[in-house]
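Student: Quick one: sequence and predicted model below, then my questions.
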Amino acid sequence: MSFDYGAFHTWAHAIDLSSGDWNQQSITWYMDGQAYHVVKGSDVGDEGAWSTVAHKSMYMTLNVAVGGAWPGGPAGNTASGKDAGMEVLYVAVYSG
């Protein structure tokens, strides 16, 4: 699935703990209603780490930080001021 940086996207995630086997439990991230990435407990390979990620409270962070080595350091053409912002239409939390 390609990612268009110039368009609005709807992001979501679902945590599936229906299996009693932590290896089979999963977290699926969605972009615009389509599965974007899936991680299973078996991918993590550490029951304690999986429990920390999948069984504990989660907190949302909306971050517009610029810098670091990924995807590259700021350059002369890096937007600043109002142009460097992130426009958020809404944030919602659902429990099901």
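Tutor: Nice, thanks for sending it over. Numbers count the residues shown, from 1 in each chain.
Student: Quick check, central residue of the chain?
Tutor: The centre of the chain sits closest to W29, judged by CA atoms, centre = their mean, with a distance of 6.4 Å.
Student: Now for it: which residues touch it?
Tutor: W11, A12, H13, A35, Y36, H37, V38 (CB atoms under 8 Å, 6 or more residues apart in numbering). C-betas here are computed from N, CA, C, even on glycine.
Student: Which residue is the nearest non-sequential neighbour of the fourth one?
Tutor: Which is A35. Nearest residue to A35 in three dimensions, chain neighbours excluded: T28, at 5.5 Å (CB to CB, 6 or more residues apart in numbering).
Student: Tell me where the protein has helices.
Tutor: 41-44, 47-54 (DSSP state H).
Student: most tightly surrounded among these?
Tutor: helix 41-44 (a mean of 16; mean count of other CB atoms under 10 Å).
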